[in-house]
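Asker: Quick one, structure for this:
(2 chains)
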Amino acid sequence: MKCTEFLKELTDYLDGNIHESLRAELDEHLHWCHECHVVMNTTKKTIEIYRDNQIYELPEPLRNRLHQAIMNKCRAAKHGKSNA
Amino acid sequence: METIQKRAGEDVSDELALVQAAKKGDLEAFSELVHRYDRNIFRIAQHITHNEEDAQDVVQDAFLKAYQNLGQFQGNSKFYTWLVRIAVNEALMKLRKRRTEKTVSLDEDVETEDGSIPREVADWSPNPEQLYGQSELGDILKKTIQGLPPGFRTVFVLRDVEGLSTEETAEMLGLSVPAVKSRLLRARLQLRERLAKYFRSKKNGDSQR
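Answerer: All right, here's what the predicted structure looks like:
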């Protein structure tokens, strides 16, 4: 297996969404290819970092304001007024 | 301080009841649905628009639209999936308005192989997150993901950050499953490549920056 072939399967490999025989081939490639091993590990880490560090949290005061605004608009819509 | 957020879309049993009640005009029930998903919708909107004001508008418009169109929600998909689809459309519209001179589409940059072939293969430090303070790390992650084309980062956010399945992501973006997979792979590899310069392990006394 070539590195480009390994890379093509990387997403399914990381997601564990892969046929057993193909997984064995990929594992075999990883065993001797240091570069692909590094790429696989750091890609995994990339996903984990974005998953674990939510970068756009909604601050509570803003959240409350948005909630209020949404419910006002819905109430107006319910009573057939304009949404503006 | 950090709480483990319940993954969106769980707890479907009572959710359907909430949706049914909201359909009949129960605003309290709808308010509960807003409360359940507003953080997710805000995050997705921020990721797509890169603009907090736009993201706030998207949150309001998406929920209002959802409320007004509840009658069309058939219950074949999860309410959250249906809601995200509305929000993604709203966010892309905002993005198009901001970048009128340039058409923004989810098909953008799909043909290029740029960034898909790893160039930077140096290993990372074992705990890259600890190299930076929380706010500095946040800035790095924002700057890095903002550099991806919208079509790539939308797929990455839905799939890897919000935890939707490939099929759900495909459905809500109107893409095929192979198209989602291909974008996801490129998004992951490009992010990895860009983060490498911050997280590379320090060897031989290299200075960090």
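Asker: Could you chop chain B up by domain?
Answerer: B:12-98, B:105-209 (automatic domain parsing).
Asker: Equivalent analysis for chain A, please.
Answerer: A:1-53, A:56-84.
Asker: Packed most tightly, which of those would that be?
Answerer: Counting by mean count of other CB atoms under 10 Å in any protein chain shown, domain A:1-53 has the highest mean neighbour count of the domains of chain A, with a mean of 16. C-beta coordinates here come from the backbone N, C-alpha and C atoms, glycine included.
Asker: Distance across that domain, terminal residue to terminal residue?
Answerer: 35 Å (CA to CA, to the nearest Å).
Asker: Mind checking if that domain is in reach of chain B?
Answerer: Yes: Domain A:1-53 lies within reach of chain B by CB under 8 Å from any CB of the partner chain, at A:4, A:7-8, A:10-12, A:14-15, A:17, A:35, A:38-39, A:41-43, A:45-47, A:49-53.
Asker: Check chain A for the residue nearest chain B and tell me.
Answerer: Nearest residue of chain A to chain B (CB to the nearest CB) works out as residue A:56 at 3.9 Å.
Asker: residue ranges for the helices of the chain, please.
Answerer: All of this is about chain A. For chain A, the helices defined by DSSP state H occupy A:3-8, A:10-14, A:20-32, A:34-52, A:60-78.
Asker: sorry, should have said chain B
Answerer: B:12-23, B:27-49, B:52-68, B:79-98, B:134-146, B:150-156, B:166-173, B:177-199.
Asker: what's the residue closest to the geometric middle of chain B?
Answerer: In chain B, the centroid-proximal residue (CA atoms, centre = their mean) is residue B:157; its distance is 2.9 Å.
Asker: pretty sure that one is in contact with residue B:44, am I right?
Answerer: Yes: at 6.0 Å, residue B:157 and residue B:44 qualify as touching, with contact defined as CB atoms under 8 Å.
Asker: Could you give the number of residues near the closest residue to residue B:157 other than its chain neighbours?
Answerer: Closest residue to residue B:157 apart from its sequence neighbours, by CB to CB, 6 or more residues apart in numbering or on different chains: residue B:47 at 4.5 Å. Using other CB atoms under 10 Å in any protein chain shown, residue B:47 has 25 neighbouring residues.
Asker: now swap in the one 5 residues further on and tell me
Answerer: With neighbours defined by other CB under 10 Å, the count for residue B:52 comes to 13.
Asker: quick one: it and residue B:46 touch, right?
Answerer: Yes: here residue B:52 reaches residue B:46: they are 6.7 Å apart, a contact under CB under 8 Å.
Asker: what residue ranges in the chain score low on pLDDT?
Answerer: Let's take chain A. Along chain A, the model assigns pLDDT under 70 to residues A:81-84.
Asker: ah, I was thinking of chain B
Answerer: B:1-13, B:100-116, B:120, B:202-209.
Asker: With adjacent residues omitted, what lies nearest to the residue of it found nearest chain A?
Answerer: Nearest residue of chain B to chain A: residue B:46, at 3.9 Å (CB to the nearest CB). In space, and not counting its chain neighbours, residue B:46 is closest to residue A:56: 3.9 Å by CB to CB, 6+ apart.
Asker: want to throw the domains of chain B into TSV with distance to residue A:25?
Answerer: As requested, the domains of chain B are arranged in TSV below (distance: least, CB to CB, whole Å):
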stretch	distance to residue A:25
domain B:12-98	34
domain B:105-209	18
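Asker: Isn't the residue nearest to residue B:157 up against residue B:152?
Answerer: No: using CB under 8 Å, residue B:47 is not in contact with residue B:152; the gap is 11.1 Å.
Asker: show me what contacts residue A:43?
Answerer: A:10, A:14, B:188, B:189, B:192 (CB atoms under 8 Å, 6 or more residues apart in numbering or on different chains).
Asker: The same query, at a cut-off of 10 Å, please.
Answerer: By CB atoms under 10 Å, 6 or more residues apart in numbering or on different chains, the contact set of residue A:43 is A:7, A:10-11, A:13-14, B:118, B:185, B:188-189, B:191-193, B:195.
Asker: now swap in residue B:137 and tell me
Answerer: Residues near residue B:137 by CB under 10 Å, 6+ apart: A:49, A:53, A:55, B:128, B:129, B:130, B:131, B:198, B:199.
Asker: State the distance from the first one to residue B:28.
Answerer: The reference is to residue A:49. Counting by CB to CB, to the nearest Å, the gap from residue A:49 to residue B:28 is 38 Å.
Asker: again with the fourth one
Answerer: Look at residue B:128 and residue B:28: by CB to CB, they are 45 Å apart.
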